[in-house]
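only the shape, not the letters, is given here:
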């Protein structure tokens, strides 16, 4: 009979999956770059330099032949006893140049053979890594994703007891010491001020909330496309402090697509690390290097919501590599899996609201809010 599994943290399982995803992406890039460097060296020595010195050898041979003819003509034209020093020096220099071209040509041929041999050895040595990256790693990622979903379903089945509900206060949502059945949602609390503070993205209903959602999306869409030459790696200080609990992650997983292409970029407002709320909105990508994700701060301490909604478009944003952003904040990998048009709003309480491209709120639902208020 198989022994029972001991799972201390579902979050740790997801973080490992995110780390594996980042490693796979970076390893594929490094491997492709190394193969490109080797191929470039072989082409430069075995084709470009070889063709150059072959051409030089022919040209210098013709020059030597020409100077020999000129020296013979000078002997007949000049009186007997003339030194012909200049003609002999030019011929000697041409012969030295010809010898140099022959040596360079021989060296190119020798190094071409050596490089091809080393290239074959290199391919053999990295073949195992390549097969793992192309086969084993995707299977492991799928397996980890499936394990996370099954564990989420199991936690969801284990309903909270009265003791769990009374002991919920003071625990960090989704922490390892929190009982599995008492995982709290970001907005499903008895304190409705958190929901109301979202404006009505994340609140209950009303035209003002719809207007604020439109304003949020408009501010994100006005951010310029990331500049490739100004893209850099992200640090923890560039990103918000995510506090997503089990229910938050489950809500994202229900609407998530395939794993994001971490070779692309995300555009992040410089005030997201200290904003009351952070709006994640995915616009149509500008090109193959742009993920389309725009992160802006929203609230009293942020520029986008304090009347200066063009602040981000004026250059107050950073273009960050997605792989480094996921390394700095692994939870971000789950958000980046959503498609164009989705809007995610996070804050101190975790996932505050989730809207589909049509503006329909997908989290929290009205039923979930009512359950949390009870």
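Here it is on my side, so go on. Bear in mind that the values here come from a model prediction, so they are computed numbers and not experimental data.

can you give me the helices for the stretch 101-250 of the chain?
Along the stretch 101-250 of the chain, the segments classed as helices by DSSP state H, counting those that start in this stretch run 137-157, 162-166, 193-196, 207-221, 246-255.

what's the burial count for the residue lying closest to residue 144 once chain neighbours are set aside?
Nearest non-adjacent residue to residue 144, counting by Cβ to Cβ, 6 or more residues apart in numbering: residue 17, 4.0 Å away. Just so you know, the C-beta spots here come from the backbone N, C-alpha and C atoms, and that holds for glycine as well. By the criterion of other Cβ atoms under 10 Å, residue 17 has 22 neighbours.

next, the contact list for residue 17, please.
Shown in contact with residue 17 (Cβ atoms under 8 Å, 6 or more residues apart in numbering): 141, 144-145, 148.

next one: residue 344
By Cβ under 8 Å, 6+ apart, the neighbours of residue 344 are 252, 279-281, 335, 338, 351, 353-355.

which strand or helix spans it?
strand 343-347 (DSSP states H and E).

next secondary structure after that strand?
Strand 343-347 is succeeded, C-terminally, by strand 350-355 (DSSP H and E).

output the contacting helices and strands for the helix or strand just after that following strand.
Following strand 350-355 in sequence order, the next helix or strand is strand 361-363 (DSSP H and E). Counting by 3 or more Cβ pairs under 8 Å, 6 or more residues apart in numbering; DSSP states H and E, the packing neighbours recorded for strand 361-363 are helix 246-255, strand 350-355.

hang on, the earlier thing: element containing the residue nearest to residue 144, please.
Assigned by DSSP H and E, residue 17 falls in helix 10-43.

hmm, back to that, quick check, nearest of the contacts of residue 344 to residue 41?
Nearest to residue 41 among the contacts of residue 344 is residue 335, at 40.9 Å by Cβ to Cβ.

low-confidence bits of the protein, can you list those?
1-7, 79-83, 157-209, 286, 300-315, 365-374 (pLDDT under 70).

go again using 80 as the cut-off
Residue ranges of the chain with pLDDT under 80: 1-11, 76-84, 152-210, 225-229, 246, 259, 285-287, 299-316, 365-374.

now the angle from the longest strand out of those in it to strand 343-347?
Counting residues, the longest strand in the chain under DSSP state E turns out to be strand 290-298. Angle between the axes of strand 290-298 and strand 343-347 is 40 degrees (criterion: axes from the mean of the first three to the mean of the last three Cα atoms, to 10 degrees).

how much distance is there from strand 290-298 to the middle of the chain?
Relative to its chain's centre, strand 290-298 lies at 14 Å (Cα atoms, centre = their mean, to the nearest Å).

for that strand, enumerate the helices and strands it packs against.
When contacts are defined as 3+ Cβ pairs under 8 Å, 6+ apart, strand 290-298 packs onto helix 207-221, strand 265-269, strand 277-282.

for the shortest one, packing partners?
In this structure, strand 265-269 packs against strand 290-298, strand 317-321, helix 322-328, with contacts taken as 3+ Cβ pairs under 8 Å, 6+ apart.

adjacent strands (with direction) for the longest one?
Next to strand 290-298 in the sheet, as set by DSSP bridges, lie strand 265-269 (parallel), strand 277-282 (antiparallel).

which outside residues touch the shortest one?
Contacts of strand 265-269 from elsewhere in the structure, counted by Cβ under 8 Å, 6+ apart, are 223-226, 228, 231, 234, 238-239, 275, 289-291, 293-297, 302-304, 312, 316-322, 325, 336.

of the residues you listed, buried ones?
Among those, those classed as buried by 16 or more other Cβ atoms under 10 Å are 223, 225-226, 231, 234, 238-239, 275, 289-291, 293-297, 302-304, 312, 316-322, 325, 336.

if anything else comes up later, I'll come back, but that's it for now.
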